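Asker: fold the following.
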Amino acid sequence: MRIKDTISWLVVLVLVSIGVTALAAFFLLGQDPENTATNNSDPNGFNVPDIDAEQQDAQDTGGPQDKSLSITVPKMDRVEDATVPDAAGDDEEALGDYAAIHLKGTGFPWQEEANVYLAGHRLGYPNTESFLAFWDLDELQNGDEVFVEDADGTEYNHRVFDSFIVNPDDTWVIDPVPGKNILTLQTCTLPDYSQRLIVQAELVSRA
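Answerer: Residues are numbered from 1 along each chain as shown. Purely as a prediction, here's the structure:
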């Protein structure tokens, strides 16, 4: 009888854990669970401005035909050779399946002037690459290295120079910085995911 009781309690704990994870995911995504289909925002809760076709075409020129990237952050436990697809901010499938996305319409590392904008989950979904992918983004400090590789195998070495918190509607953080190629990493803040943690790194070399 005691064994059965123990098993029953374990089942209850697992179900509660799943429920808490699902609820936390909604907070992480920054979406109203009753209105996810019509919420015009990044699944991380970041409001993504519309990017017109002309801007999109300008960002897509040059570089490899395959616009996907991979990223390695030595100081982060779960970001090593992580595939980063080029995806729209409302592409829930891409954000759920990968550690991060490259926000479609922002710059690429092979460009002279760009803001290469990568958004990833703080919590994510169990059994996917998104799970806890950017959990320890807040551990990065100025001078830490971030490596990005394009589909042709060119590696771009970045060094962190800034980190800060923004509100979900502070869309200026996707803008390029004149004369520089920077990498921006975004995730949600803890404990309530109400704001966005931003870490920026500057391109220092490529090989």
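
Asker: going by C-alpha atoms from here, please, whenever you check contacts or count neighbours.
Answerer: Noted.

Asker: any low-confidence regions in the protein?
Answerer: Counting by pLDDT under 70, the chain shows low-confidence ranges at 1-61.

Asker: which residue ranges of it form strands?
Answerer: In order along the chain, the chain carries the following strands (DSSP state E): 69-72, 82-84, 86-87, 101-103, 114-119, 145-150, 155-166, 181-188, 196-206.

Asker: out of those strands, nearest to residue 126?
Answerer: With respect to residue 126, and counting by C-alpha to C-alpha, the nearest of the strands of the chain is strand 82-84 at 16.0 Å.

Asker: returning to that earlier point: with mean neighbour count and distance to residue 137 added, can I get the strands of the chain in a markdown table?
Answerer: Compiled in a markdown table, the strands of the chain are given as follows (neighbours: other C-alpha atoms under 10 Å; distance: least, C-alpha to C-alpha, whole Å):
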| stretch | mean neighbour count | distance to residue 137 |
| --- | --- | --- |
| strand 69-72 | 22 | 12 |
| strand 82-84 | 23 | 14 |
| strand 86-87 | 20 | 20 |
| strand 101-103 | 26 | 15 |
| strand 114-119 | 24 | 11 |
| strand 145-150 | 22 | 11 |
| strand 155-166 | 18 | 10 |
| strand 181-188 | 25 | 8 |
| strand 196-206 | 20 | 8 |
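
Asker: reformat those strands as a markdown table; add distance to residue 127.
Answerer: Formatted as a markdown table, those follow (distance: least, C-alpha to C-alpha, whole Å):
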| stretch | distance to residue 127 |
| --- | --- |
| strand 69-72 | 19 |
| strand 82-84 | 15 |
| strand 86-87 | 21 |
| strand 101-103 | 17 |
| strand 114-119 | 19 |
| strand 145-150 | 24 |
| strand 155-166 | 28 |
| strand 181-188 | 19 |
| strand 196-206 | 24 |
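
Asker: out of those, nearest to residue 63?
Answerer: Closest of the strands of the chain to residue 63 is strand 145-150, at 8.4 Å (criterion: C-alpha to C-alpha).
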